[in-house]
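**Student:** Have a look at this prediction, sequence included:
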Amino acid sequence: MTKILYWDCFSGIAGNMAVASLLDLGASREKLQEGLASMAFPEGKIELIIEEKSVDGIRGIYFNTKEDHAENGDSDHHHEHAHDEFGGVPEAGFLRHEPLHEHNHCHEHGSDHQHEHGHQEHSHDHHCETEKPHEHTGNHHHAPHRGLKEITALIEQAAITGAAKALAITCFRVLAEAEATIHGKTVDEVHFHEVGARDSIADIVGMAICLDDLGIEQVHVSPVHLGSGVVKCAHGIMPVPAPATALLLKNLPVVFDHHIAFELTTPTGAAILQGLAATPISEQFTFAKVGHGHGSRKIGQANFLRAFLGETGQLKKNSDSVTVLTSNIDNASGEQLGNAISEFMQAGALDACLIPMIMKKGRPANQLQVMTAPENASHMETLIFRLLPTLGIRVENVTRSILPRETVLLQTSFGPVAAKKIHYPDGTIKINPEYDELVRLSQQHQTTTDAVRKRLIAESMISD
């Protein structure tokens with residue numbers, strides 16, 4: 001049986017609402033509080049608000065940090081937007097969104113809080129910087145301008161599970177990658193403003209703690225509602241969804257709510273969906289619990305995130321569709337073939353290999369096989385023709401079965417080590433360190449990859 005989370009984003013999604021919905025499903029409040037309290041913020045420990053409340057007759061949980069709640073007051077939808085003269089909280093990410101609407105454009109998603117953090121999440125997400133800090137007006141709390149490296153270090157030092165750390169770091173990484181793409185910068189040049197604040201970090205790390213505590217293995221999502229309107233940011237007036245939000249939600253079904261002049265889905269909410277690899281539901285499942293995570297703003301309709309916790313009766317394996325490109329090549333040098341394989345993998349191939357074969361007239365040759373996502377097949381086909389002297393490519397769409405796997409951070413005597421945790425149908429689990437990690441550690445300690453692996457096995461951190 002596979003444990004599934006399904007988020008019904010009929011009123012969008014923000015970070016604090018995601019945490020609240022998971023708490024309402026039964027995630028441990030103690031683990032959440034202890035995990036966030038263990039984070040070594042220079043500003044001091046986070047104080048949380050976790051309340052059970054009824055809004056418009058619907059019982060649910062409201063989650064926020066005290067600083068965010070105080071900053072955003074009851075401006076419920078201050079997603080995470082700029083906090084200046086518009087009264088909103090800055091967004092995270094490069095853009096600093098300052099809602100033009102009195103509701104502060106950020107859809108706080110909540111009853112009386114800002115969305116994620118009273119939709120302050122936006123402040124977190126829309127507010128990034130590249131080379132110099134954004135200028136702030138008003139009396140907004142100035143949080144440290146943390147980059148991905150600083151946030152990753154904070155998470156790695158926290159007293160939470162390796163799985164929760166990996167989930168949180170992945171969400172911040174996809175957010176940084178989106179902002180870097182939008183602004184033409186590198187990931188290392190991106191410095192989060194509001195998203196680097198404690199309340200935004202509490203949203204993403206808190207979500208990871210709760211998701212891990214519930215033992216959720218797959219995340220699915222309904223069409224994601226976006227709201228409408230515009231926001232004013234450091235780069236001018238931007239439409240809803242904000243640039244980072246739009247990029248993070250690509251390939252997911254979305255709904256533009258032209259009758260709601262607020263931002264319903266924040267960059268933090270979108271980063272959570274992307275970081276968790278959330279997908280539309282494609283199969284029947286049985287749910288046993290329903291949770292509600294309240295926002296804080298009145299938006300003219302119910303403002304909560306609904307979460308369903310259920311299971312499928314299938315074995316713990318996943319299936320997907322891929323495209324396999326095949327070509328027989330007998331007139332390319334070894335150097336050409338080796339370079340081509342590297343190029344294919346860098347271009348996003350899922351796998352690429354060469355199979356030795358004998359062709360007509362006894363000519364030695366190689367069969368090239370490149371596996372890729374269907375949407376990337378055309379690009380990969382063009383690349384094969386450009387790099388190798390072939391006149392034809394066979395294209396086949398196939399279904400493959402995949403064992404569930406996740407990236408985890410192992411706490412070892414070497415320090416944190418990235419590894420893959422693989423779940424087998426019989427319930428057994430195997431953990432393999434990333435080979436690049438073995439190479440890194442062997443160079444750092446002037447030894448061999450085999451020696452590093454044996455030491456990790458001796459520490460019982462990986463499978464033999």
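**Tutor:** Looks like it arrived, so ask away. What you see is a predicted model, and the numbers here were worked out from it, not measured in a lab.
**Student:** what ranges of this protein fall below the confidence cut-off?
**Tutor:** 1, 67-145, 192-197, 232-235, 283, 313-318, 464 (pLDDT under 70).
**Student:** Which segments of it make up each domain?
**Tutor:** Following automatic domain parsing, one finds the domains of the chain at 2-312, 318-402, 405-458.
**Student:** looking at those, which is buried most?
**Tutor:** domain 2-312 (a mean of 24; mean count of other Cβ atoms under 10 Å). In this view, the C-beta of every residue, glycine as well, is placed from N, C-alpha and C.
**Student:** For the stretch 251-400 of the chain, which segments are assigned as helices?
**Tutor:** Assigned by DSSP state H, counting those that start in this stretch, the helices in the stretch 251-400 of the chain fall at 267-275, 334-346, 377-387.
**Student:** can you list these in CSV and add distance to residue 457?
**Tutor:** Formatted as CSV, those follow (distance: least, Cβ to Cβ, whole Å):
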stretch, distance to residue 457
helix 267-275, 30
helix 334-346, 28
helix 377-387, 37
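**Student:** closest one to residue 418 among those?
**Tutor:** helix 267-275 (15.5 Å; Cβ to Cβ).
**Student:** for the closest one, packing partners?
**Tutor:** helix 15-24, helix 121-126, helix 162-183, helix 198-214, helix 243-248 (3 or more Cβ pairs under 8 Å, 6 or more residues apart in numbering; DSSP states H and E).
**Student:** Distance to residue 6 for those - can I get that in TSV?
**Tutor:** As requested, those are exported to TSV (distance: least, Cβ to Cβ, whole Å):
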stretch	distance to residue 6
helix 15-24	11
helix 121-126	21
helix 162-183	17
helix 198-214	13
helix 243-248	19
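**Student:** got the contact list for residue 226?
**Tutor:** By Cβ atoms under 8 Å, 6 or more residues apart in numbering, residue 226 lies in contact with 12, 240, 241, 245, 249, 254, 255, 256, 257, 263, 264, 265.
**Student:** State the phi and psi torsions of it.
**Tutor:** Dihedral angles of residue 226 (phi, psi; degrees, to the nearest 10) stand at phi -110, psi -20.
**Student:** can you tell me how far it sits from residue 154?
**Tutor:** Distance, residue 226 to residue 154, by Cβ to Cβ, to the nearest Å: 30 Å.
**Student:** related to what we said a few turns ago, out of the helices and strands packed on helix 267-275, which is closest to residue 380?
**Tutor:** Residue 380 lies closest to helix 162-183 among the helices and strands packed on helix 267-275, at 20.8 Å (Cβ to Cβ).
**Student:** I figured residue 59 was touching residue 290, is that so?
**Tutor:** No. Residue 59 lies out of contact with residue 290 (Cβ atoms under 8 Å); the separation is 10.8 Å.
**Student:** and the angle from the longest strand seen in the chain to helix 334-346?
**Tutor:** The residue-count maximum for a strand in the chain (DSSP state E) belongs to strand 318-329. Inter-element angle recorded for strand 318-329 and helix 334-346: 160 degrees (by axes from the mean of the first three to the mean of the last three Cα atoms, to 10 degrees).
**Student:** could I have strand 318-329 exported to CSV, CA atoms only?
**Tutor:** Below are the C-alpha coordinates for strand 318-329, written out as CSV (Å, rounded to 0.1, in the frame of the first residue of the first chain):
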residue,chain,number,x,y,z
ASN,A,318,5.5,3.8,-9.8
SER,A,319,4.9,3.7,-13.6
ASP,A,320,5.4,6.4,-16.2
SER,A,321,5.8,6.8,-19.9
VAL,A,322,9.1,7.5,-21.6
THR,A,323,10.5,7.8,-25.1
VAL,A,324,13.3,5.5,-26.3
LEU,A,325,15.4,6.7,-29.3
THR,A,326,17.5,4.0,-31.0
SER,A,327,20.0,4.2,-33.8
ASN,A,328,22.7,1.7,-35.2
ILE,A,329,26.0,3.5,-35.7
